[in-house]
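Sequence and predicted structure are below.
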Amino acid sequence: MLAHLPAAPRKITAPELCKRLAADGIEVGLRTVQRDLHQLAATVEITCDDAKPAGWSWAAGSRMLELPGMEVETALTLQLARKFLAPLLPRAALQRLEPQMQHAGQVLTRVTTRVNFGPLTRPIRRRTRWGVPRSFERY
């Protein structure tokens with residue numbers, strides 16, 4: 001359920017959330033979603049507005065929870081988009097993606113500190129003009 005909540009200022013209503021959960025194969029009633037959202041609001045940084053029906057989102061400036069949905073490939077894609085597409089994207093789009101991009105940076109930092117890439121220099125074999133390594137030329 002938390003994975004479907006947008007970052008502020010965007011909102012999602014409980015009926016919309018029910019539809020998204022149903023699309024994910026999770027059949028749950030509207031009242032259950034409403035009750036769960038109110039209980040989650042007491043423990044995580046989600047907020048609702050005073051509209052009818054209420055719109056729910058992550059609170060402005062809240063730290064995103066580390067949900068299992070952010071894979072390394074997704075994090076890498078977001079960081080590449082930040083680096084190379086930032087001049088091409090509208091400022092509003094970048095602002096909406098900023099929490100996810102920050103989270104992607106954290107995911108990649110954690111992964112690269114756990115991975116040992118070994119020595120970064122390897123001997124380079126020279127190739128002949130036919131593309132065969134020199135060590136094989138004499139055969």
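Ah, there it is. Numbering: from 1, shown residues only.

residue boundaries of the strands in this structure?
Assigned by DSSP state E, the strands in the chain fall at 12-13, 46-48, 55-58.

So, low pLDDT: which residues of the chain?
63-69, 113-139 (pLDDT under 70).

Helices of that one, residue ranges please.
14-23, 30-41, 72-84, 91-114 (DSSP state H).

Identify whichever of those helices lies nearest to residue 54.
helix 14-23 (7.0 Å; CB to CB). Where C-beta positions appear, they are placed from N, C-alpha and C, glycine not excepted.

Rebuild the helices of the chain as TSV, extending it with distance to residue 8.
Shown next, in TSV, are those (distance: least, CB to CB, whole Å):
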stretch	distance to residue 8
helix 14-23	16
helix 30-41	13
helix 72-84	19
helix 91-114	9
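
Minimum distance to residue 59: which of those helices has it?
Evaluated with CB to CB, the helices of the chain place helix 30-41 nearest to residue 59, the distance being 9.3 Å.

What is that closest one packed up against?
helix 14-23, strand 46-48 (3 or more CB pairs under 8 Å, 6 or more residues apart in numbering; DSSP states H and E).

deepest of those, which one?
Comparing the helices and strands packed on helix 30-41 by mean neighbour count (mean count of other CB atoms under 10 Å), strand 46-48 comes out on top with a mean of 18.

thinking again about what came up before, would CSV of the strands of the chain with distance to residue 34 be doable?
As requested, the strands of the chain are arranged in CSV below (distance: least, CB to CB, whole Å):
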stretch, distance to residue 34
strand 12-13, 10
strand 46-48, 10
strand 55-58, 10
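
just so I know, which of these lies nearest residue 88?
strand 55-58 (26.3 Å).

Output the contacting helices and strands for the closest one.
Using 3+ CB pairs under 8 Å, 6+ apart: strand 55-58 touches strand 12-13, strand 46-48.

Identify the residues contacting the shortest one?
Contact with strand 12-13 is made by 4, 5, 6, 20, 53, 54, 55, 56, 57, as judged by CB atoms under 8 Å, 6 or more residues apart in numbering.

Name the member of those with the most neighbours.
Most neighbours among the contacts of strand 12-13, by other CB atoms under 10 Å: residue 56, with 25 neighbours.
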